[in-house]
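> For reference, the sequence and a predicted model appear below.
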Amino acid sequence: MKLGYHIGYWQSGPPEGALEAITTAEELGFDSVWTAEAYGSDAFTPLAWWGAATSRIKLGTNIVQMSARTPAAVGMSALTLDHLSGGRFVLGLGVSGPQVVEGWYGQPYPKPLARTREYLDIVRQVIARKEPVTSDGPFYPLPLPGGTGLGKPLKSTVHPLRAEIPIHLAAEGPKNVALAAEIADGWLPLFFSPKADGFYRAALEEGFARPGARHTMADFEVAASVPVIVHDDVETAAGFMKPSLALYIGGMGAKEVNFHHDVFARLGYADVADEVQDLYLAGRKAEAAAAIPTSLVEDTSLIGPPEKIREELARWEDTVVTTLLLRGNAETLRRVAPILR
């Protein structure tokens, strides 16, 4: 497996030491570095700013939220960053959830799978620049019907550096994962667990078997964000992770629609996920974190002493994952990289 570095979300401002961590990842031979966005900092700008200090490492977005921009705008950003980086850009896209899509971006959420299919088609048309971009789909029709009547199909003024730029899709549910296998070049899972490898492998194979699928398992990228915490005490290491897990399981989405909650329910922690969600939504965040068993953390992370991490890494190497995306500062990367190799 390859190693990548995930900068993650900003909090009150840019993550301290981010540039040093990115350049360290490149020095250590990491394959890729990724930015994120939710409803604060965006994914493109930091990637261009910090990526300018690199020369080899791939630069990816994990993820750009589709509701934030039209597909043509995303195609423009992808063309631009691919040129500026010398062909190192990877476009990671995702639909997010209804709370963010409708509450922050003011865009409709229904039919996310059909939206994704139409969105990617337009993005690829923009990047390929073979002919003026058109779409007769219901979500992003181009040219826009009605209006002034003056709209016409256009081609980008910029010629692509590459006719195709890799596009990875973020997905958690089986239908979304299958769609990623069918129409994308890679999958960006969150809270992946080797225990669920068979479940996800089946979803991917379903997508690969569809007419027109672009890849097979042999040449499809799966870049999974995997927390790695080196610590002599497993319980202490797990404790560092539990507040963040409580946020995702309990608060990242409405009670009736929380895809992260569903991931852990499928993993065998349905009762735990329900309890964490109830506590978190009631404002009892510390209790929600305390309700998470260490086994849940271990199922989705690599934590503990170096020898334990090395032993458990073998489980990950047997899965569909092709790249482990790590987080932390430069010192963390220097410490963890030799263990994972």
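That came through, no problem.
> For the stretch 151-300 of the chain, just list every one of the helices.
Taking DSSP state H, counting those that start in this stretch as the test, the helices found in the stretch 151-300 of the chain are 174-183, 197-208, 234-246, 259-264, 270-281, 285-290, 294-300.
> By mean pLDDT, show me the worst of those helices.
If you rank the helices of the stretch 151-300 of the chain by mean pLDDT, helix 259-264 sits at the bottom with a mean of 91.
> quick revisit: and the helices of the stretch 151-300 of the chain as a markdown table, adding mean neighbour count and distance to Leu81?
From N, CA and C alone the C-beta is placed, and that goes for glycine too. A markdown table is the format used below for the helices of the stretch 151-300 of the chain (neighbours: other Cβ atoms under 10 Å; distance: least, Cβ to Cβ, whole Å):
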| stretch | mean neighbour count | distance to Leu81 |
| --- | --- | --- |
| helix 174-183 | 22 | 21 |
| helix 197-208 | 17 | 27 |
| helix 234-246 | 18 | 28 |
| helix 259-264 | 21 | 28 |
| helix 270-281 | 19 | 36 |
| helix 285-290 | 18 | 37 |
| helix 294-300 | 19 | 30 |
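> and those helices as CSV, adding distance to Ser41?
Below are these laid out as CSV (distance: least, Cβ to Cβ, whole Å):
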stretch, distance to Ser41
helix 174-183, 24
helix 197-208, 29
helix 234-246, 18
helix 259-264, 20
helix 270-281, 24
helix 285-290, 23
helix 294-300, 25
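> Which one of these lies nearest to Leu113?
helix 174-183 (5.6 Å; Cβ to Cβ).
> got a list of contacts for that closest one?
Residues outside helix 174-183 that contact it (Cβ atoms under 8 Å, 6 or more residues apart in numbering): 95, 112-113, 116-117, 120, 168-169, 171, 186-187, 189, 199-200, 202-208, 210, 212-215, 220.
> and what of stretch 196-204?
Residues contacting stretch 196-204 (Cβ under 8 Å, 6+ apart): 174-175, 177-178, 180-181, 187, 189, 192, 217, 220, 266-267, 318-320.
> Could you work out the most separated pair of these?
Lys175 and Asp318 (24.9 Å).
> if we can go back for a sec, just the contacts of stretch 196-204 now: which is nearest Lys152?
Taking the contacts of stretch 196-204 together and measuring to Lys152 by Cβ to Cβ, the closest member is Ala180, at 32.9 Å.
> ok, Arg310 - contacts?
Here Arg310 is in contact with Ile339 (criterion: Cβ under 8 Å, 6+ apart).
> quick check: angle from the helix or strand containing it to helix 234-246?
Per DSSP states H and E: Arg310 is located in helix 306-317. If you take axes from the mean of the first three to the mean of the last three Cα atoms, to 10 degrees, helix 306-317 sits at 40 degrees to helix 234-246.
> Quick check: neighbours of the helix or strand following helix 306-317 in the sheet, parallel or antiparallel?
With elements assigned by DSSP H and E, the helix or strand that comes after helix 306-317 is strand 323-326. According to DSSP bridges, strand 323-326 has the following sheet partners: strand 2-6 (parallel), strand 221-225 (parallel).
> Redo those as CSV? Include mean neighbour count.
Formatted as CSV, the strands paired with strand 323-326 follow (neighbours: other Cβ atoms under 10 Å):
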stretch, mean neighbour count
strand 2-6, 22
strand 221-225, 24
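> now do the same end-to-end measure for stretch 188-204.
12 Å (Cα to Cα, to the nearest Å).
> Check stretch 258-268 too.
First-to-last residue span, stretch 258-268, Cα to Cα: 16 Å.
> List the contacts of that stretch.
Contacts of stretch 258-268 (Cβ under 8 Å, 6+ apart): 97, 172-173, 190-191, 193, 195-196, 199, 248-250, 252-253, 270, 272-274, 277, 296, 299-300.
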